[in-house]
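Enquirer: The following block contains a protein sequence and its predicted model.
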Amino acid sequence: MPIELSESEERIYQESLAYGRSSFLPWAAQWEVERKFPLDAFRKAGEDGYLGVGVSRDWGGKAYSFVESSLMYQAFARSCLPLGFAIACHNNMSYDLEHMQASPDVLELLPKFISGKEILAFALTEELAGSDPLSSSTFAREVPGGFLVQGKKTWVTNGQESSKVFLTVKTGDAQSREMICLLVDNPTPGLQVTKAHGKLGANLMSTVDMEFNDCFVPAGRVISLKGYANALWAVMIGRIHVAALAVGLCEEVLHVTAEFLAGRKQFNKTLLLNQGLQWKLADMTARLEAAKWLMLRTAFVMDQGRSPVQESSMAKLVCGDLAMEITSQCLGLFGARGYSDEYPIERYFREAKLLQIVDGTTEIQKLILGKHIAARYLND
């Protein structure tokens, strides 16, 4: 693996950073206060080529590698992490539709997803089936011409503003591993958004509950017949990009903190010249650099056609926990100002917690890694 970014990769990062600074950052705090999804900014990102970046050029995408897309999300997180996360979810599902060999009826929709005219939501989690998708009870019964779906999903990202829902459901009995992925219109008869969750942070991005009551889905809207495996694969991809968002958030937090300390004096001395504070920043900067390259290596492994299950769990674990730690420490360096909403650090602190939870909690990543370690030694 190259240990330096190529010129094109560095260009993608810098261009994405500049785009986020001009198109997201000026309104990020306002969007969060209003708790309203910035639909115009999302669609403008599509017009400007930032949606569907992983989709092949045959469909109008950019065919970005995972390293390239990760750098884009890393850059976006420095201006508006929740919108970057919403874009990543939408883009990952667009990528999945193409690479899961979805039906022609589904693939024909890709240009609309790439343009931003239509938005994708991801519905996998249930109230009693979070970390264990096999415990899900939402069921699709085959009928002439398609499927009737019955059940409930929770924590559906982009659910409120979506026009299509990437839905994973069971087709066998309660103990079965038989699952399929379907693309469901929103709205459509039998589908109802029942609750929009208020959250600690990232409230500009909707997270909702959905209920399906004999919701008919045409046979042409099948994404995959290997629903369980493909759902886990989609979550694994999500972990790579959550790690990228975490790296970007850490970069921005350290940047605004250093700027604050450079501009503030106490006891006739600029705070940034305080050795104790320099050591804190040095430690966080060094650990961030290590986390960044773990994230990039995971993306690189994915680009080699391998399935980085362990690597994605490690990247998500390390980068997510580091984001929480760095924002917490830096908030303290702002003193009382860090606790007020006059500075962005309190918003970054709330956003960091999301990264320890979404796409598998910190504890789930440790469980995955622990099982791999046990299998390696117990099978010898």
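Expert: Arrived safely. Residues are numbered from 1 along each chain as shown.
Enquirer: Can you list the residue ranges for helices in the stretch 251-380 of the chain?
Expert: With helices called from DSSP state H, counting those that start in this stretch, the stretch 251-380 of the chain shows them at 275-303, 309-333, 336-339, 345-355, 362-378.
Enquirer: Those: which one's closest to residue 229?
Expert: helix 309-333 (11.8 Å; C-beta to C-beta). In short, each C-beta sits where N, CA and C put it, glycine included.
Enquirer: possible to save the helices of the stretch 251-380 of the chain as TSV with distance to residue 166 and mean neighbour count?
Expert: Formatted as TSV, the helices of the stretch 251-380 of the chain follow (distance: least, C-beta to C-beta, whole Å; neighbours: other C-beta atoms under 10 Å):
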stretch	distance to residue 166	mean neighbour count
helix 275-303	19	17
helix 309-333	19	23
helix 336-339	38	14
helix 345-355	20	23
helix 362-378	21	13
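Enquirer: what about those, which gets the closest to residue 235?
Expert: Between residue 235 and the helices of the stretch 251-380 of the chain, the tightest spacing by C-beta to C-beta is seen for helix 309-333, at 8.9 Å.
Enquirer: circling back: kindly reformat the helices of the stretch 251-380 of the chain as TSV containing mean pLDDT and distance to residue 140.
Expert: Converted to TSV, those look like this (pLDDT from 0 to 100; distance: least, C-beta to C-beta, whole Å):
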stretch	mean pLDDT	distance to residue 140
helix 275-303	98	29
helix 309-333	98	27
helix 336-339	95	48
helix 345-355	98	30
helix 362-378	94	26
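Enquirer: can you put the ones you listed in TSV and add distance to residue 203?
Expert: Shown next, in TSV, are the helices of the stretch 251-380 of the chain (distance: least, C-beta to C-beta, whole Å):
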stretch	distance to residue 203
helix 275-303	26
helix 309-333	17
helix 336-339	19
helix 345-355	9
helix 362-378	22
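Enquirer: Quick one: closest of the ones you listed to residue 188.
Expert: Closest to residue 188 of the helices of the stretch 251-380 of the chain, according to C-beta to C-beta: helix 345-355, at 29.1 Å.
Enquirer: Got the phi and psi for the spatially closest residue to residue 101 that is not a sequence neighbour?
Expert: Closest residue to residue 101 apart from its sequence neighbours, by C-beta to C-beta, 6 or more residues apart in numbering: residue 224 at 7.4 Å. For residue 224, the backbone dihedrals are phi -160, psi 140 (criterion: degrees, to the nearest 10).
Enquirer: cool, residue 97 as well?
Expert: Torsion angles, degrees, to the nearest 10, at residue 97: phi -60, psi -40.
Enquirer: Fine by me, thanks again.
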